[in-house]
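Visitor: Sharing a model prediction with you, sequence too.
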Amino acid sequence: MKAAPFAYHRPESVKEAADLLDEFGDDAKILAGGQSLVPMLAMRLTHFENLIDISRIAELQSIDLCGDEVRIGAGTPHAFVGMDDEVADSVPLLTLATPYIGHFQIRTRGTIGGAIAHADPAAEYAAVALALDAKMEVVSSQGTRNIAAADFFTGLWETSLQPGEILTAVSFPVWGGRSGFAVEEFARRHGDFAIAGAAVAVELDSDDRIARCGIGLLGLGSTPLRGSGAEEAVVGKAVGDIAADEIGQLAISGLDDIPADLQGSAAYRAKVGATMVARAWESAITGASNA
């Protein structure tokens, strides 16, 4: 199939893009890398009268270390994020997550902002943003505001972005000290959407106790989720007193909207999800212990 006819706009600045959103309202859609939107248009699962292509706006393509956080422009392709040395040193969870995103061709076109704004429940960068308490910078003709990752994802393919707003950057905190990170996910084939997965960040204190923990879950709900139960349970505990399998179970406990589809039942996804959390936990702890 081919996409239904639409008007194509390619603004040269964020301001111009915001003005176009104001002009066309609900009849307009932002096109970033097109990783998800273009297939949906081609299969006529959705349609917009106007597409506003922001992929060549230079100010949206950047990676900057700003104090204790890394600010990444929303138009930065996945491949650039995955290969950047600053990201690898400061936010290694992003580097670890990048190879799981589709195939190389997709990673060269898809953008970090597009992936997060699409809010797919199986999105790796969204899980990382939740685990690390990232901040979303959004711009409209009315100004700029920041949204915490915990408040950003509201439903299936839905976010707290208001009409006329554009996601322009994502800021990820830099975890110092004895920190370890890991990403694990299971998919039928490499490049497929994950059936379930986890992004885990752990920081240890000088006594080998958990000082901080972040667990992002993917494929286990209608939105990307956070394993809050497990995070709260481990803080302050000695590493030796924590079993990985227990963390996996705690992370999925309380989830009441685990999807069931042709990939597997809700019970199957829950079992896979708990296993992915346990594996990521073990790897993150090993990394933190050796830091």
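Guide: Good, I have the coordinates. Numbering: from 1, shown residues only.
Visitor: Identify all contacting residues around the helix-or-strand element of the chain with minimal mean pLDDT.
Guide: When each helix and strand of the chain is scored by mean pLDDT, DSSP states H and E, helix 37-42 comes last, with a mean of 82. Residues outside helix 37-42 that contact it (Cβ atoms under 8 Å, 6 or more residues apart in numbering) are Met1, Lys2, Ala3, Ala4, Phe6, Lys29, Leu31, Thr46, His47, Phe48, Gly114, His118. Backbone N, C-alpha and C define where each C-beta goes, glycine included.
Visitor: wait, Asp120 sits on Ala127?
Guide: No: counting by Cβ atoms under 8 Å, Ala127 is not a contact partner of Asp120; they are 10.4 Å apart.
Visitor: hey, what's in contact with both of the two?
Guide: Contacts common to Asp120 and Ala127, judged by Cβ under 8 Å, 6+ apart, are Pro224.
Visitor: ok, those two, which is more surrounded?
Guide: In this view Asp120 and Ala127 are compared by other Cβ atoms under 10 Å, and Ala127 has more residues nearby, 32 against 21.
Visitor: what about that one, distance to Gly240?
Guide: Distance of Ala127 to Gly240, computed by Cβ to Cβ, to the nearest Å: 27 Å.
Visitor: again with Arg109
Guide: The gap separating Arg109 from Gly240 is 45 Å, by Cβ to Cβ.
Visitor: quick one, which of these two is more surrounded?
Guide: The neighbour count for Arg109 versus Gly240, taken as other Cβ under 10 Å, is higher for Arg109 (17 against 8).
Visitor: give the contact list for that one.
Guide: Contacts of Arg109 by Cβ under 8 Å, 6+ apart are Gly33, Gly34, Gln35, Pro77.
Visitor: leaving aside the residues next to it on the chain, what's closest to the third one?
Guide: In this structure, Gln35 finds its nearest non-sequential neighbour in Gly110, 3.3 Å apart by Cβ to Cβ, 6 or more residues apart in numbering.
Visitor: In this structure that neighbour contacts Ser55, no?
Guide: No: the pair Gly110 / Ser55 is not scored as a contact, 10.1 Å apart, by Cβ under 8 Å.
Visitor: Name the spans of the chain whose pLDDT lies under the cut-off.
Guide: 1 (pLDDT under 70).
Visitor: repeat that for 80
Guide: Within the chain, the ranges that satisfy pLDDT under 80 run 1, 35, 191.
Visitor: those strands in it, which residues are they?
Guide: Per DSSP state E, the chain carries strands over the ranges 7-9, 28-31, 50-53, 63-66, 69-73, 135-140, 143-148, 153-155, 158-159, 166-173, 178-186, 196-204, 210-218, 225-226.
Visitor: how much space between Ala148 and Ala238?
Guide: 30 Å.
Visitor: Over to Glu86?
Guide: 33 Å.
Visitor: related to what we said a few turns ago, just the closest of the contacts of helix 37-42 to Glu165, please.
Guide: Closest approach between the contacts of helix 37-42 and Glu165, by Cβ to Cβ: Lys29, at 12.9 Å.
Visitor: Tell me who's in contact with that closest one.
Guide: Applying Cβ under 8 Å, 6+ apart, the residues near Lys29 are Leu37, Phe48, Asn50, Leu51, Ile52.
Visitor: From those, pick the one nearest Glu203.
Guide: Of all those, Glu203 sits closest to Leu37, with 36.6 Å by Cβ to Cβ.
Visitor: What is the longest helix of this structure by residue count?
Guide: helix 266-289 (DSSP state H).
Visitor: Name the residues of that helix that are buried.
Guide: Going by neighbour count (16 or more other Cβ atoms under 10 Å), the buried part of helix 266-289 is 269-285, 287-288.
Visitor: swap in stretch 104-121?
Guide: Buried residues in stretch 104-121, counted by 16+ other Cβ under 10 Å: 106-107, 109-121.
Visitor: just the CA coordinates of that stretch, formatted as PDB?
Guide: The C-alpha atoms that make up stretch 104-121 are tabulated as PDB, following Å, rounded to 0.1, in the frame of the first residue of the first chain:
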ATOM      1  CA  PHE A 104      21.500  -0.600  11.400                       C
ATOM      2  CA  GLN A 105      19.500   1.000   8.600                       C
ATOM      3  CA  ILE A 106      16.800   2.000  11.100                       C
ATOM      4  CA  ARG A 107      19.300   3.300  13.600                       C
ATOM      5  CA  THR A 108      20.800   5.600  11.000                       C
ATOM      6  CA  ARG A 109      17.400   7.200  10.300                       C
ATOM      7  CA  GLY A 110      15.400   6.900  13.500                       C
ATOM      8  CA  THR A 111      16.000   9.600  16.100                       C
ATOM      9  CA  ILE A 112      16.100   9.600  19.900                       C
ATOM     10  CA  GLY A 113      13.300  12.200  20.100                       C
ATOM     11  CA  GLY A 114      11.100  10.400  17.600                       C
ATOM     12  CA  ALA A 115      11.500   7.100  19.500                       C
ATOM     13  CA  ILE A 116      10.600   8.600  22.800                       C
ATOM     14  CA  ALA A 117       7.800  10.800  21.600                       C
ATOM     15  CA  HIS A 118       6.200   7.800  19.800                       C
ATOM     16  CA  ALA A 119       6.000   6.200  23.300                       C
ATOM     17  CA  ASP A 120       5.900   2.600  22.100                       C
ATOM     18  CA  PRO A 121       5.700   0.300  25.100                       C
END
